[in-house]
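Participant: Got a predicted model here, sequence first, then my questions.
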Amino acid sequence: GESVGLHLPTLSVQEGDNSIINCAYSNSASDYFIWYKQESGKGPQFIIDIRSNMDKRQGQRVTVLLNKTVKHLSLQIAATQPGDSAVYFCAENRANQAGTALIFGKGTTLSVSS
Amino acid sequence: NAGVTQTPKFRVLKTGQSMTLLCAQDMNHEYMYWYRQDPGMGLRLIHYSVGEGTTAKGEVPDGYNVSRLKKQNFLLGLESAAPSQTSVYFCASSFGAAGELFFGEGSRLTVL
């Protein structure tokens, strides 16, 4: 069946390293993708998004890469900091008969050690 | 500017009881959503609304009902709560179909 998922449930990195969080999606019709960060006890917060007509988008210390050929999305965090420790979710904008809505993957927990 | 506000933040119910979660947004967003979050399951879409007076089913709609009588409010109802509905519920809103979702802080529901 169709799904949005992340390759690894957990990722541990050292402070200052670059982090790469991966996400696979199976709906080739999805045209919009988004990454969220969720800290413990809080609601998800927007990080960065990308539309299907792009293959790369950069923000502050973050880059999202989209490979439509293999249906793969990744989030790169440069110079990872302890404050980046959180659960990261990718989501795709999926259509059904009522409209479209964001469908989330299961999340990757990023742990940053000093 | 409060953003997205959910009430209540915590609730304990007995099996078979009913309750309503209220979501309010002050950003004049057209789209509103209800998700549930369970350990290891990520966020799963329950129902959503693309405008006042409209509702649509998401991934896991069974056991829930919703209403969008006013643009700024989206209500999630449990008519007969079950232990399987123990979860953290998040409301979100967005301006359009493909755009940033703004989330509330969550409502933790426990069904005994």
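Facilitator: Perfect, I can see it now. If you're wondering where the values come from, they're calculated on a predicted model, not measured in any experiment.
Participant: What pairs with the top strand by length along chain A, parallel or antiparallel?
Facilitator: Across chain A, the longest stretch assigned as strand under DSSP state E is strand A:86-96. Sheet pairing for strand A:86-96, assigned by DSSP bridges, gives strand A:32-38 (antiparallel), strand A:99-104 (antiparallel), strand A:108-113 (antiparallel).
Participant: If you average pLDDT over each of those, which is lowest?
Facilitator: Note on the strands paired with strand A:86-96: lowest mean pLDDT is at strand A:99-104, with a mean of 81.
Participant: roughly how far out does it sit from the chain middle?
Facilitator: Put simply, strand A:99-104 sits 15 Å off its chain's centre (CA atoms, centre = their mean, to the nearest Å).
Participant: and what of stretch A:47-60?
Facilitator: 11 Å.
Participant: Likewise for stretch B:58-71?
Facilitator: On CA atoms, centre = their mean, the centre of stretch B:58-71 falls 7 Å from the chain's centre.
Participant: end-to-end on it?
Facilitator: End-to-end distance for stretch B:58-71, by CA to CA, to the nearest Å: 19 Å.
Participant: Chain A contacts on chain B?
Facilitator: B:4, B:31, B:33, B:35, B:40-45, B:48, B:50, B:56-59, B:90, B:92, B:97-106 (CB under 8 Å from any CB of the partner chain). No exception for glycine: its C-beta is placed from N, CA and C like everyone else's.
Participant: Run through the residues that contact the residue positioned nearest the centre of chain B.
Facilitator: The C-alpha lying nearest the average C-alpha coordinate of chain B belongs to B:Trp34 (CA atoms, centre = their mean; 3.0 Å). If a contact means CB atoms under 8 Å, 6 or more residues apart in numbering or on different chains, then B:Trp34 has B:21, B:23, B:45-48, B:58, B:64, B:66, B:74, B:76, B:89-91 as its contacts.
Participant: B:Ser84 looks like it's in a helix, true?
Facilitator: Yes: judged by DSSP: H, G, I helix; E, B strand; the rest coil, B:Ser84 forms part of a helix.
Participant: Neighbours of it, how many?
Facilitator: The local packing of B:Ser84 (other CB atoms under 10 Å in any protein chain shown) involves 10 other residues.
Participant: That one and chain A: what is the separation?
Facilitator: B:Ser84 sits at a distance of 18 Å from chain A (criterion: CB to the nearest CB, to the nearest Å).
Participant: contacting residues for residue 45?
Facilitator: Using chain A. A:36-39, B:103.
Participant: looking at chain B here, not the other one
Facilitator: Residues in contact with B:Leu45 (CB under 8 Å, 6+ apart) are A:101-104, B:33-35, B:58-60.
Participant: hey, what's it bridged with?
Facilitator: On the basis of DSSP bridges, B:Leu45 is bridged to B:Tyr35.
Participant: need the next SSE after the lowest-mean-pLDDT helix or strand in chain A, C-terminal direction.
Facilitator: Across the helices and strands of chain A, mean pLDDT, DSSP states H and E gives its lowest value to strand A:4-6, namely a mean of 59. Reading on from strand A:4-6 to the C-terminus, the next helix or strand found by DSSP states H and E is strand A:10-14.
Participant: Mind giving me the packing neighbours of that next one?
Facilitator: Strand A:10-14 sits against strand A:19-25, strand A:108-113, with contacts defined as 3 or more CB pairs under 8 Å, 6 or more residues apart in numbering or on different chains; DSSP states H and E.
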